[in-house]
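J.: Generate a structure from the sequence data that follows.
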Amino acid sequence: MTRAAFGDSDPIAGRGEQSEVVGAAWRVVEYVGPDGVPLHVVGAPSREPGVGRANTADTYEWFATELAELHRGRRIVIVTSDIYMRYQHADAMRMLALPYGVEIDAVGIQPGDVGTRLKQVFRASQLPAGDPLHDPRVARSVRGRLGPMPLS
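T.: Just a heads-up that it's a prediction; the model follows:
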């Protein structure tokens with residue numbers, strides 16, 4: 001998705017650790033955007049390797065403590081699928097903006113708008129006949145974000 005979104009550029013660097021244990025591997029791939037802005041694609045390890053993959057909170061915690069040099073005024077742009085943007089932005093505010101003073105911008109894109117090969121189905125009306133009427137990724141994302149968030 002990164003290459004399609006940012007002009008099919010090749011990565012300038014990459015590092016990480018492989019693992020057979022679910023959720024233990026990590027990878028960071030660095031690109032330079034068309035305007036020279038550095039781009040980092042992060043696949044973080046889970047806080048509970050062996051139990052499951054990293055979630056958004058795991059990724060932000062690992063990014064803040066192991067990868068980035070965060071300081072007040074630093075600007076971070078999060079680019080993700082439109083359906084996940086609000087929840088990932090809320091986690092970024094909680095885990096990055098409040099404790100570190102960084103500025104967060106979040107952009108949600110429709111994957112098919114970048115390239116037809118990236119199109120994902122998120123609406124019941126787009127699902128093929130016989131598929132469930134909801135996308136389980138949406139339900140997991142909503143439950144995962146609303147549970148810990150104060151609603152008042």
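
J.: Distance check, the residue lying closest to residue 82 once chain neighbours are set aside against residue 75.
T.: In space, residue 82 comes closest to residue 108 once its chain neighbours are excluded; the distance is 3.5 Å by Cβ to Cβ, 6 or more residues apart in numbering. Bear in mind the C-beta positions are built from the backbone N, C-alpha and C, glycine included. Residue 108 sits 18 Å away from residue 75, taking Cβ to Cβ, to the nearest Å as the criterion.

J.: the more surrounded of the two?
T.: Between residue 108 and residue 75, counting by other Cβ atoms under 10 Å, residue 108 is the more crowded of the two (15 against 8).

J.: Surely the more buried one is within a helix?
T.: No: assessed by DSSP: H, G, I helix; E, B strand; the rest coil, residue 108 does not belong to a helix; its assignment is strand.

J.: pLDDT at residue 30, what is it?
T.: On the pLDDT scale, residue 30 is placed at 90.

J.: could you say what helices and strands the helix or strand harbouring it packs with?
T.: Using DSSP states H and E, the element containing residue 30 is strand 26-32. The elements that strand 26-32 packs onto, with contact taken as 3 or more Cβ pairs under 8 Å, 6 or more residues apart in numbering; DSSP states H and E, are strand 13-17, strand 38-43.

J.: 10 Å - rerun?
T.: The contact analysis (3 or more Cβ pairs under 10 Å, 6 or more residues apart in numbering; DSSP states H and E) places strand 26-32 against helix 2-5, strand 13-17, strand 38-43, helix 56-62.
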